[in-house]
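1. got a sequence here, can you build the structure:
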Amino acid sequence: MNIVIYDQILAATRIAEIELKKEIAAMLLGKEKLTFAQASRLVEMNRIAFQYLLAKRQIPVHYGGR
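-> A predicted model of the protein is given here:
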């Protein structure tokens with residue numbers, strides 16, 4: 001499945017595409033809708049880098065299932 005976010009919408013957020021992906025992944029992980037592995041794949045980050053990102057945002061890591 002692909003999600004299309006038009007350039008005008010992305011420009012309105014004033015953040016880069018990868019930053020928007022990070023926001024979405026962190027939110028879904030925080031709400032326990034994605035596992036840690038799924039969220040890190042969404043943002044195409046290795047697990048250590050993604051864990052560091054979450055630590056900076058004070059988002060607890062859930063390694064297990066939903």
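2. make it CA atoms for all contacts and neighbour counts henceforth
-> Noted.
3. excluding chain neighbours, what is closest to the residue nearest in space to the middle of the chain?
-> For the chain, the residue whose C-alpha lies nearest the mean C-alpha position (CA atoms, centre = their mean) is Ala25; its distance is 2.0 Å. Excluding the flanking residues, the one nearest Ala25 by CA to CA, 6 or more residues apart in numbering is Ala39, at 5.1 Å.
4. count of neighbours near the one you found?
-> Using other CA atoms under 10 Å, Ala39 has 22 neighbouring residues.
5. confidence score at it?
-> Listed pLDDT for Ala39 reads 93.
6. same thing with Gly64?
-> pLDDT, Gly64: 57.
7. with Ile48 instead?
-> 93.
8. so what touches the stretch of helix or strand it belongs to?
-> Using DSSP states H and E, Ile48 falls within helix 47-56. Around helix 47-56, the neighbours that count as contacts under CA atoms under 8 Å, 6 or more residues apart in numbering are 26, 37, 40, 60-61.
9. what number of residues lie near Lys56?
-> Neighbour tally, Lys56, other CA under 10 Å: 9.
10. all strands of this protein, in order?
-> Counting by DSSP state E, the chain forms no strands at all.
11. what about the longest helix in the protein?
-> Looking across the chain with DSSP state H, the single longest helix is helix 17-30.
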